[in-house]
Each structure stands twice: as structure tokens, then as C-alpha cells.
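>>> Got a sequence here, can you model it:
(chains A and B)
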Amino acid sequence: HQSSKSVIVLRNEKLCVCVRLQVVLKIIKHYQEEGQGSEVVQGVLLGLVVEDRLEITNCFPFPQHTEDDVDFDEVQYQMEMMRSLRHVNIDHLHVGWYQSTYYGSFVSRALLDSQFSYQHAIEESVVLIYDPIKTAQGSLCLKAYRLTPKLMEICKEKDFSPEGLKKACIGYEHMFEEVPIVIKNSHLINVLLLDLQEKSTVADKHELLNLSSSNHLEKSLQLLMDRMDDMSQDIGKYNTYCRNLSKQQQQKQQYLQRRQQENAQRQSRGEPPLPEEDISKMFKPPQAPARMDTLLIAGTRGVNGRRSPSIKRLFLPAYSTGHWKFIVLCLKESIHELINSAMNGSV
Amino acid sequence: MAVHGPLVKIHPVVLASIVDSYERRNEGASRVIGTLLGTADKHSVEVTNCFSVPHNESEDEVAVDMEFAKNMYELHKKVSPSEVIIGWYATGYDITEHSVLIHEYYSREAPNPIHMTVDTALQSNKMNIRAYVSSQMGVPGKTVGVMFTPLTIKYIYYDTERIGVDLLQRTRASPSRTNGLTTDLAQVASAAGRVQEMLSTMLSYIEDVLSGKVMADNSVGRYLMDLVNKVPKITAEDFESMLNSNINDLLMVTYLANLTQAQIALNEKLVVL
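You can find the predicted model right below:
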């Protein structure tokens, strides 16, 4: 029961993403240092495509956009970075980009545009979404998404009108597909990990078992409500558009009928018929609102389904005989100290 | 004359980058060098980032691409303006004469630079990571030399980094060195299992003490007292009711979420029709 099951429709069986340890760590570090609060941090992924796998071997971050830095050229920064990395034999092929997210609200027009331009250039590129809040709760939350081929076509034609989307039969489920991530390391990195484990004595974080997830729940719910408000506004706009359109059709019909009657009358009187005016100029059809935004909002809702871990956390104590696990949750740190001192004491 | 240098705190991301650049070194190069970035205060130095610098090394001379180092530093500064050059690293076990020259260059860039060595050749069956700071030695006025004094190293993690590294520890076990990101339920289960193990270790220790097999230790006893006192005094019924109301909240939110999802799906079908 994956938490984002409404987004996974076409999982390309062959394609998977291999990520190296340092990419993960760099992304985590970038968010930690530069992205506190609800700001989004972004960066570029480098790597190569090997058979059916996309290997991501390095990454570098993008600086934040500041208003007083108008003359900062992103493209130039990127080119310089890549050139420099090439000197030290780091893969300098763009294979995607990463972004951090705030409670899952990352589906936006900007993301769509960026991912489309990346995927247009390189077919297998992905966007890695890193969720720092969920990671801080205990499980590394890193997901890779690509646009489905259907969506790619629509973006290519830039036809976001209701008719265009209807033709393509796109629902919010068919917008993104998730690609499974696999972490792959070399032997030397394994040695490093072994070393780190011996040397570091930081206690395990048992945030996973924390029962008090209510503030996260509140925030998720808040975001969901905001999205629903946006969506209802959008739907309202669409409905007025439909109404206007049908009203206009009616008016057109009436006008045509009047014209025909007048022409008939004139013919009977022997006068030339009035010229067929360009009706379309008179009745300009109202602007069809871009349905893309609605879809995006719906996509956010689809991705935002992160209820399951909280439930599982709560059901654990509920299904057990209850009390003792609750005790354990209060005592996690004390237990660690105790074990350590017991080990030292009994030696 | 002991020089007590600052404490060096290293983030694992730095080590991962160093190992990676070592694996990608040019043909024929036996070691890799690069710059360390981070922050420094009076008693400690925190290394948070690094990048490798191309260099050529032969018997008599060493050439380091300084322009490159400067450029990279500028680029990095755009992303994290608070990081400064605090030293340099080299892979390999020993400190050679060339290191002295390179160190001299870096002392122009940063006050009191740190030199770090990472033993990727695994000379002592382990990856030794050491840090040094240089100090003058010798007779003043005559031959002056430079001595590298070792510093203590501590690994420091952000919380999220810790979790990432823990996850990756598991890749050591699998033969293909790969690991998928596990589902939520599995992680909760494993965390609960760990706590259970800890409790059972504790209980067996207590039983041993009670039956006289192990000497009772006062500090351990005090910890145990703390442990037992930390449990809040709630009766079983109160706890159950609290838990149930919490679960009800969660279920309600899940229901709402599913409802909106169904609504949106319906909407889609209607529009597409």
C-alpha cells in the first residue's frame, strides 16, 4: 500500500534509478544548510545512462534566487560548474534535477515546465523529490518522477485547453510516473561506512515510533484544504466559461435565424441580401481557462496521500497489549544510555 | 612543545566525495587532492563540503591547478556563502614533501589550514582518516621545518544525514551492493524490533543482577530508576481513550482524503466524457 499509489500508473518495468551515497548526502546537506523553512532548494543531477538504468553519480546545487542578484546568470553558473567537473573526471552529463518539497506540495507549473524541458532533451531524465520533513521522522524519503508520454505530447503542443486535454484523456493519475530508486555503492564506500559505524556513537533516532504526529497531520490537512480551495475556484471559472460559451452559441443561433429571416424578406422584396457578416468576429469565444492548473492541483492531492505511515504507527500500539509499548516510546533515549553503561559496567 | 589544535568535525558527505574522487582519478595518479570547505570558530572546525582539484605529481615537482581551485570556490560560494576554505585533503597514507608545498599554498588562502588524509589504500586494513595542522619547528633563524601535528576528529551528522547513512549501512549486507528504499511499514517494524531487543537486553541484565551473577552497579541502577520514573502515570483506560481519539482523528483525515480523491476521479470522468 504505497503512499503515493494514485500517481503510479505506468511504471516502466525496465527503468530504474541508481543513486550513489554521496548524491543522497549532498541533497540532504543542501536542504539542511540552505533551505530552512518552506523554501525550496534545487539542484542538478549528473550521471549517465547505462542499459536500462539511470545512474546518478553526482550532483550540484543551485544557489537561491535573490532579488538583488538580477544579473546572476544561471546558465553560466551551470556551464562553469560542468566544465570544472569535467576536469576532475566527474560525469558531466545532465540527467535530471532535484528539488526539496514542503509536505508534498511540489506539483506546480514550474516543475512541469522544467521537467518537460529536461525530458525533451534527454529522454530518461527524472526529477528527484526529497522530503526533508518525512526524512526527519525516520525514513529517507526520496522519490524519482518522470512525465508520462501522454503528458509529454500535450506539453509539446502547448495545448492546454479543455478540448485538447479531453482528446488525450488525461486524468491526474496519468501525469507522473514514479521510478524505483536503488542505492548502489562501491566497495570502498562500504569500507567507509564500516569505519563510520565503528567510530560514531550517536544514538539511534526512534522518531519512527513517535506517537505524536498531530502537528504534521494538521499541516498536511491545511495544505490539502488550500489545494481544494484553489481547485474549487478553478472549477468555478471553468463552469462560468461553459455557461458563457453555451449562451454565446445560443446568441449565434438567434442571430443567424434573424439574418435568414431578413434575407428571406429582402429576397421577397427584391433587394440584395445582406452580406454574411463575419459572425465569428462578433462573438469572440471566451478564453478557455488552462485546465493544466486544475490537473496540477489534482496531482498534488494524489501525491499528498501520506496518511499511511501515521496510521501504521498508531496501530502498532493499538494492536499490541498497548501499555508496554507506550512506555517504551517514552524511554528510548534512557534505554540507550542504559545499555551503554551496562555494557561498560559488566566488562 | 605540544600544539593543541582545534577539534575537527567532519560530515560524512565530505568523506563520500573524497572516496568518489579517488575512484575517478586519472590514470597514473596515485593520489588525489582537493580543498575542504566549512566553517571555523575558536575551538573547532567543521568541514561540510569539499571539491577535488586536478594536480600532477612526479618525483621532483608538483603542480596544482590553482585557477581551477579559485573558480570552484567562487561557484560554491554562490550556493552557500557561509562556507570558507579551511584546508585541504589528500588520499594516501603518508605525508610527503609535496604536501608541505601544497600546505604552504593553502596557508595563503586560509589562516591555519587543516590537512586531512584519507587512507584509501587501506594500508592498515581500515580507512584511516586523520587531520593535521602545521606548526613551525626547528631553530629560529636557521633551518626551519614544518611539523604536522595530529588533531582529534569527530564525525558529526545532521539528523537527516544520520538517517540517510543508517539506511545506507544496509547496503553493506546485500551482495549486489544495492538497496531499495524500503516501505514505511517495514521501517516502523524494524524500529520497533530494535527497541524490543534493547528492552530484552536490559531485562536479562536485571535478572542477572538479581540472581547475583553480575555485580550491581550504582550508576546503572540510577539509570534504571530514571527509566521507570519517566513513564507517565496514566491508567490503562485513560491511555486507551487517548489513543482511540488519536486514531479517530487520523481515520477521519484518511476518509476525507479518500473522499476528495474519489470526487476528483469522478470529476475527471465527467469532464473527459
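
>>> Let me see the ranges of the strands in chain B.
Counting by DSSP state E, the segments of chain B that form strands are B:7-10, B:33-40, B:44-53, B:55-57, B:62-64, B:84-91, B:114-118, B:129-138, B:144-151, B:153-155, B:178-180.

>>> Next: the stretch 51-200 of chain A.
Counting by DSSP state E, counting those that start in this stretch, the segments of the stretch 51-200 of chain A that form strands are A:53-61, A:94-100, A:126-130, A:142-147, A:176-179, A:181-184.

>>> Of all the ones you listed, which one comes closest to B:Val47?
Minimum separation from B:Val47 across the strands of the stretch 51-200 of chain A (C-beta to C-beta) falls at strand A:53-61, 17.2 Å. In this view, the C-beta of every residue, glycine as well, is placed from N, C-alpha and C.

>>> which secondary structure elements does the closest one contact?
Strand A:53-61 sits against strand A:16-19, helix A:21-34, strand A:42-50, helix A:74-87, strand A:94-100, with contacts defined as 3 or more C-beta pairs under 8 Å, 6 or more residues apart in numbering or on different chains; DSSP states H and E.

>>> and the direction of it versus that of strand B:44-53, what angle?
Using axes from the mean of the first three to the mean of the last three C-alpha atoms, to 10 degrees, the direction of strand A:53-61 lies 120 degrees away from that of strand B:44-53.

>>> partner strands of strand A:53-61, parallel or antiparallel?
strand A:16-19 (parallel), strand A:42-50 (antiparallel) (DSSP bridges).

>>> what's in contact with that strand?
Strand A:53-61 has contacts (C-beta atoms under 8 Å, 6 or more residues apart in numbering or on different chains) with A:15-20, A:22-23, A:26-27, A:30, A:34, A:41-49, A:81, A:85, A:90-91, A:95-96, A:98, A:124-126, A:128, A:179, A:184, B:20, B:79-80.

>>> Mean pLDDT lowest where, among the strands of chain B?
Among these, strand B:178-180 carries the lowest mean pLDDT, at a mean of 46.

>>> check contacts around A:Gly43.
So A:Gly43 contacts A:Lys26, A:Ile27, A:His30, A:Cys59, A:Phe60, A:Pro61, A:Phe62, A:Trp97, A:Tyr98 (C-beta under 8 Å, 6+ apart).

>>> Sort the residues you listed by pLDDT and name the bottom one.
On pLDDT alone, A:Phe62 ranks lowest of those, at 78.

>>> Run a quick check on that residue versus B:Ser80, I expect a contact.
No. The pair A:Phe62 and B:Ser80 fails to qualify as a contact (C-beta atoms under 8 Å) at a distance of 11.5 Å.

>>> Check whether stretch B:204-212 comes near chain A.
Yes. Stretch B:204-212 is in contact with chain A by C-beta under 8 Å from any C-beta of the partner chain, via B:Tyr205.

>>> If you average the pLDDT over that stretch, what comes out?
83.

>>> ok, now stretch A:178-197?
Stretch A:178-197 comes out at a mean pLDDT of 73.

>>> Okay, buried residues for that stretch please.
A:178-179, A:181-185, A:189-193, A:195-196 (16 or more other C-beta atoms under 10 Å in any protein chain shown).

>>> give the contact list for B:Phe150.
Just to correct that, residue B:150 is Pro rather than Phe. Contacts of B:Pro150 (C-beta under 8 Å, 6+ apart): B:Arg130, B:Ala131, B:Tyr132.

>>> show me where chain B has helices.
B:12-23, B:66-79, B:97-109, B:159-169, B:184-210, B:218-230, B:236-272 (DSSP state H).

>>> Out of the buried residues of stretch A:178-197, which are close to chain B?
Checking the buried residues of stretch A:178-197 against chain B by C-beta under 8 Å from any C-beta, the ones in range are A:Ile181, A:Val182, A:Ile183, A:Lys184, A:Asn185, A:Ile189, A:Asn190, A:Val191, A:Leu192, A:Leu193, A:Asp195, A:Leu196.

>>> Among these, find me the one that's closest to A:Pro132.
Distances from A:Pro132 to those, taken by C-beta to C-beta, are shortest for A:Ile181, at 16.4 Å.

>>> show me the contacts for that closest one.
So A:Ile181 contacts A:Cys16, A:Val17, A:Cys18, A:Val19, A:Leu128, A:Leu142, A:Lys143, A:Ala144, B:Gly180, B:Leu181 (C-beta under 8 Å, 6+ apart).

>>> Can you tell me which of those residues is nearest B:Val195?
Nearest member of those to B:Val195, counting by C-beta to C-beta, is B:Leu181, at 21.9 Å.

>>> most tightly surrounded among the helices of chain B?
Comparing the helices of chain B by mean neighbour count (mean count of other C-beta atoms under 10 Å in any protein chain shown), helix B:12-23 ranks first with a mean of 23.

>>> Okay, domains of chain B per the record?
B:7-159, B:192-231, B:236-272 (the TED database).

>>> thinking again about what came up before, which of the buried residues of stretch A:178-197 sit farthest apart?
Across the buried residues of stretch A:178-197 (C-beta to C-beta), the longest gap, 33.9 Å, separates A:Glu178 and A:Asp195.
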